[in-house]
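Undergrad: here is the input, now give the coordinates:
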Amino acid sequence: DTIFDYAGADTAGMHAHLLAEGLPARYVTAEHALARWKVITEHHWARFGAGEVDFHTQRRDRVRDFLDADLDDTEADAWFERHRGHYEAAWSLFPDTVPTLDALAGSYRHAVLSNSAAVHQERKLRSLGVRDRFEVVLCAVELGVSKPAAEAFHAACAALALEPAEIAYVGDQPEIDARGARDAGMLGIWLDRTGVDRPAPTGVHRITSLAELPALLADTRFGAPSTFG
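TA: Numbering: from 1, shown residues only. Now for the predicted structure:
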């Protein structure tokens with residue numbers, strides 16, 4: 001939900017999947033099922049982020065919890081793959097993504113740090129036509145550590161050969177992304193697209209659109225020379 005509309009794609013994809021598969025008996029309405037899917041996803045992603053389970057296990061456990069069924073790995077994987085087809089059909093960038101990348105291209109270098117797997121992020125970025133905008137794509141599965149651990153952010157520093165103070169990190173999660181980046185010595189920026197009624201963590205900048213990012217970076221006199229190209 002920073003450059004890619006994950007929430008929108010997840011909702012549209014699951015809705016299409018439920019139409020194709022049929023609504024599981026435990027749910028009264030599709031809206032109830034969608035709400036429960038989001039809660040289950042957050043729970044198991046947190047387990048993965050804490051290192052309790054691996055990437056594929058969290059995905060299978062999401063399916064088992066959602067269906068309330070004792071599926072084996074093959075059955076859970078098959079169900080998720082069918083869901084993923086609908087989810088990927090709904091992929092889209094936010095309207096402010098490309099204009100902001102264009103606005104920053106001449107002065108800033110760009111990278112991705114994700115709590116996912118590189119094979120998925122690489123495919124997504126290529127499918128959406130923006131992979132060439134980023135020097136490196138780093139993901140928790142391959143790094144062996146996930147945000148908000150400082151080691152994850154410092155891996156990005158190493159990949160870019162920059163110090164933490166030379167990097168601004170923008171993410172949609174105030175704690176995992178913005179506070180984590182701040183604690184790792186970066187400029188932490190929370191992209192609050194939903195406008196939730198809660199304060200930003202201390203020392204974190206808050207924006208509601210990527211369109212605000214160029215001005216924020218200029219106002220904070222932040223930046224690093226571009227060597228990308």
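Undergrad: for the residue of the chain positioned farthest from its centre, helix, strand, or coil?
TA: Each residue of the chain has a distance to the centre, and by Cα atoms, centre = their mean the biggest one is for Ala25: 30.7 Å. Recorded secondary structure, Ala25: coil (DSSP: H, G, I helix; E, B strand; the rest coil).
Undergrad: longest single helix anywhere in this structure?
TA: Identified as the longest helix of the chain according to DSSP state H is helix 30-49.
Undergrad: so Ala111 sits against Leu138, correct?
TA: Yes - Ala111 is within contact range of Leu138, at 7.0 Å (criterion: Cβ atoms under 8 Å). Backbone N, C-alpha and C define where each C-beta goes, glycine included.
Undergrad: which residues are common contacts for these two?
TA: Jointly contacting Ala111 and Leu138 under the rule Cβ atoms under 8 Å, 6 or more residues apart in numbering are Ala156, Ala159.
Undergrad: outline the domain layout of this protein.
TA: The record's domain parsing of the chain by the TED database lists 4-90, 94-219.
Undergrad: could I get those as JSON lines with mean pLDDT?
TA: Output for these, formatted as JSON lines (pLDDT from 0 to 100):
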{"stretch": "domain 4-90", "mean pLDDT": "94"}
{"stretch": "domain 94-219", "mean pLDDT": "95"}
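Undergrad: deepest-packed of those, please.
TA: Comparing those by mean neighbour count (mean count of other Cβ atoms under 10 Å), domain 94-219 comes out on top with a mean of 17.
Undergrad: now do the same end-to-end measure for it.
TA: 24 Å (Cα to Cα, to the nearest Å).
Undergrad: for stretch 159-168, same thing?
TA: Using Cα to Cα, first and last residues of stretch 159-168 are 15 Å apart.
Undergrad: surely Leu138 is in contact with Ser114?
TA: Yes - judged on Cβ under 8 Å, Leu138 makes contact with Ser114 at a distance of 7.3 Å.
Undergrad: ok, back up a step: quick one: residues in contact with the longest helix of the chain.
TA: 10-11, 14-15, 18, 23-24, 27, 53-55, 57-59, 61-62, 65-66, 115, 140, 146-147, 176.
Undergrad: roughly how far apart are Asp96 and Glu42?
TA: Separation of Asp96 from Glu42 (Cβ to Cβ, to the nearest Å): 25 Å.
Undergrad: likewise for Ala152?
TA: In terms of Cβ to Cβ, Ala152 sits 19 Å off from Glu42.
Undergrad: next one: His110
TA: Taking Cβ to Cβ, one finds His110 at 27 Å from Glu42.
Undergrad: could you do Ala159 as well?
TA: 28 Å.
Undergrad: next: Phe80.
TA: When distance is defined by Cβ to Cβ, Phe80 is 16 Å away from Glu42.
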